[in-house]
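> Dropping the sequence and predicted coords here.
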Amino acid sequence: MKTKNVLDLTDLSHQELMDVIKLADDIRKNPGDFSGVCRGKILATLFYEPSTRTQMSFQTAMLRLGGTIIGFDNPQNSSVAKGESLKDTITVVGGYTDIIAIRNPMEGAAAAAAMYSPVPVVNAGDGGHLHPTQTLTDVVTLHNELGRLDNLTIGLCGDLKNGRTVHSLIKTLSTFKNNRFILISTPELTIPQYIKDIINASECTYKEIPSLADAMPKLDVLYMTRIQRERFASEEEYLRQNGVFVLDKEKLRRAKKNMKILHPLPRVDEIDVEVDYDDRAKYFEQTVYGMYGRMALIMRLLENSDRKFPARVMPTHPFRCKNPKCITSTEHYLPSVFREAGGDMLICKYCDGRRLI
Ligand code: NCD
């Protein structure tokens, strides 16, 4: 695979993505054939934020390929607690290991890590921004459960503003033809403008609606999400949003017989436990597909890894990104890197934040 780092799943070409999906399927069907392919290789999982599935599925993926793992899931037990920069941590860990999976609360943290790493960096979630390996999990699930990734009507419901899994999933599914996104949220939690721009530039369409019940009959896929409590400025703001959308048996009566219900998990109370016993609920199977997807991705990333430190990145503009959640707001040595989006608009290459010149 040509791609070195996976900051979002759209970093992979279509061909690379389809190859990883197919490899995940081969591994799932014949796990014994792959049990030694990463012998001698080490994966680092650097988790600056809580995680169950993403961290453990990365770890089990590497162990099942015959490799080993190191890392932390509480940065307070590492030199981060002494004030070490992301750059220094990554430079050092990159010298010890062969591949790094990083989760960090700051948006663009994985992109920053990739600037200094001699080994492949995989974004395991950067704040409310992106989460490519959850998207890999989602597309492996859809490919297996529905047999296609195009011509789908996909309802995405809940915290579309802060839900990084939603952003990455829409970006990837927008690269397939004729997908229709039904975006179900409160007006406070709508999808970021840059994601709408991506859909508008694709062969897909979107519609924003406030009612889950109304959306239900049309959907091939319902992607439920948790309200992202940790991303809210105050508890009151969170409480105003929580509990607005709940999927229960009653609402499911209006859904297609073969609709698939996905959720990146953890679930809080947005899916009633009764729904778990409905054949359309696929969120627990989804977690297993995710492990095979990560096995395939690790295998492909390690195949062409050359252990070279990347060339120094120079600033493209004299300004800083204005997004307070951007990694550049805490790691001050990072070069300011923007892409120009027409007119006076700049887009931050770390966090996709917009600013006017
Ligand atoms: C998601 C995440 O961390 O963004 N969980 C996951 O990785 N499976 C979703 C969430 O936390 O709501």
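Yep, that arrived. Residues are numbered from 1 along each chain as shown.
> Please list the residues of the stretch 51-200 of the chain that sit near the ligand.
Contact residues (Cβ under 6 Å from any ligand atom) of the stretch 51-200 of the chain with the ligand: 53-54, 125, 131, 134, 164-165. C-betas here are computed from N, CA, C, even on glycine.
> how about a cut-off of 8 Å?
Counting by Cβ under 8 Å from any ligand atom, the stretch 51-200 of the chain comes close to the ligand at 51-54, 103, 124-125, 131, 134, 137, 159, 163-165.
> Among those residues, which lie within strands?
103, 124-125 (DSSP state E).
> could those be laid out in JSON lines, adding pLDDT and neighbour count?
Converted to JSON lines, those look like this (pLDDT from 0 to 100; neighbours: other Cβ atoms under 10 Å):
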{"residue": "R103", "pLDDT": "98", "neighbour count": "24"}
{"residue": "A124", "pLDDT": "98", "neighbour count": "27"}
{"residue": "G125", "pLDDT": "98", "neighbour count": "28"}
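> Would you mind measuring from N258 to Q228?
Look at N258 and Q228: by Cβ to Cβ, to the nearest Å, they are 30 Å apart.
> Could you do V119 as well?
30 Å.
> Name the residue in N258 and Q228 with the higher neighbour count.
Per other Cβ atoms under 10 Å, whichever of N258 and Q228 has more neighbours is Q228, with 19 against 10.
> Run a quick check on the more buried one versus T165, I expect a contact.
No. Q228 is not in contact with T165 according to Cβ atoms under 8 Å; the separation is 10.0 Å.
> Okay, and the closest residue to A341 other than its chain neighbours sits in which element?
Sequence neighbours aside, I347 is the residue nearest to A341 in space, at 5.0 Å (criterion: Cβ to Cβ, 6 or more residues apart in numbering). If you go by DSSP states H and E, I347 is part of strand 345-348.
> got the residues of the stretch 251-357 of the chain near the ligand?
Checking the stretch 251-357 of the chain against the ligand by Cβ under 8 Å from any ligand atom, the hits are 264-266, 287, 290.
> burial measure for A213, as a count.
Neighbours around A213, by other Cβ under 10 Å: 13.
> List the residues that contact it.
251, 254 (Cβ atoms under 8 Å, 6 or more residues apart in numbering).
> Three-state assignment for it, please.
Classification of A213 by DSSP: H, G, I helix; E, B strand; the rest coil places it in helix.
> Quick check: it vs V244, distance?
A213 sits 12 Å away from V244, going by Cβ to Cβ.
> swap in L222?
16 Å.
> cool, R64 as well?
Distance from R64 to V244, by Cβ to Cβ: 39 Å.
> L17 contacts V139, correct?
Yes. With contact defined as Cβ under 8 Å, L17 counts as touching V139 (7.5 Å).
> which residues are common contacts for the two?
9, 172.
> Which helix in the protein has the most residues?
helix 283-303 (DSSP state H).
> so how far does stretch 320-338 reach from one end to the other?
9 Å (Cα to Cα, to the nearest Å).
> do stretch 102-121 as well
End-to-end for stretch 102-121, by Cα to Cα: 7 Å.
> which residues touch the residue nearest to P75 when sequence neighbours are not counted?
Distances taken as Cβ to Cβ, 6+ apart put Y48 closest to P75, at 4.7 Å, once the chain neighbours are dropped. By Cβ under 8 Å, 6+ apart, the contact list for Y48 reads 75, 80, 102-105, 109.
> Y206 too?
Y206 neighbours (Cβ under 8 Å, 6+ apart): 180-183, 191, 196, 199.
> before we move on, what about L43?
58-59, 62, 67-71, 97-101, 298.
> switch the cut-off to 6 Å
62, 69, 99 (Cβ atoms under 6 Å, 6 or more residues apart in numbering).
> where exactly do the strands run in the chain?
Under DSSP E, the chain gives strands at 42-47, 68-72, 99-104, 121-126, 153-157, 180-184, 205-209, 221-224, 260-262, 338-340, 345-348, 354-356.
> which one of these has the lowest average pLDDT?
Among these, strand 354-356 has the lowest mean pLDDT, at a mean of 85.
> picking up where we left off before, what does the strand holding I347 contact?
So strand 345-348 is contacted by 321, 326, 338-339, 341, 354-355 (Cβ under 6 Å, 6+ apart).
> out of those, which are buried?
The neighbour count (16 or more other Cβ atoms under 10 Å) marks 321, 326, 338, 354-355 as buried among these.
> Tell me the one of these nearest the ligand?
C326 (17.7 Å; Cβ to the nearest ligand atom).
> So the closest one versus C348, what's the distance?
C326 is 6 Å from C348, by Cβ to Cβ.
> By neighbours, which of the contacts of Y48 wins?
Most surrounded of those: other Cβ under 10 Å gives A109, at 30 neighbours.
> That one and G127 touch, don't they?
No. Under the criterion of Cβ atoms under 6 Å, A109 is not in contact with G127, lying 7.3 Å apart.
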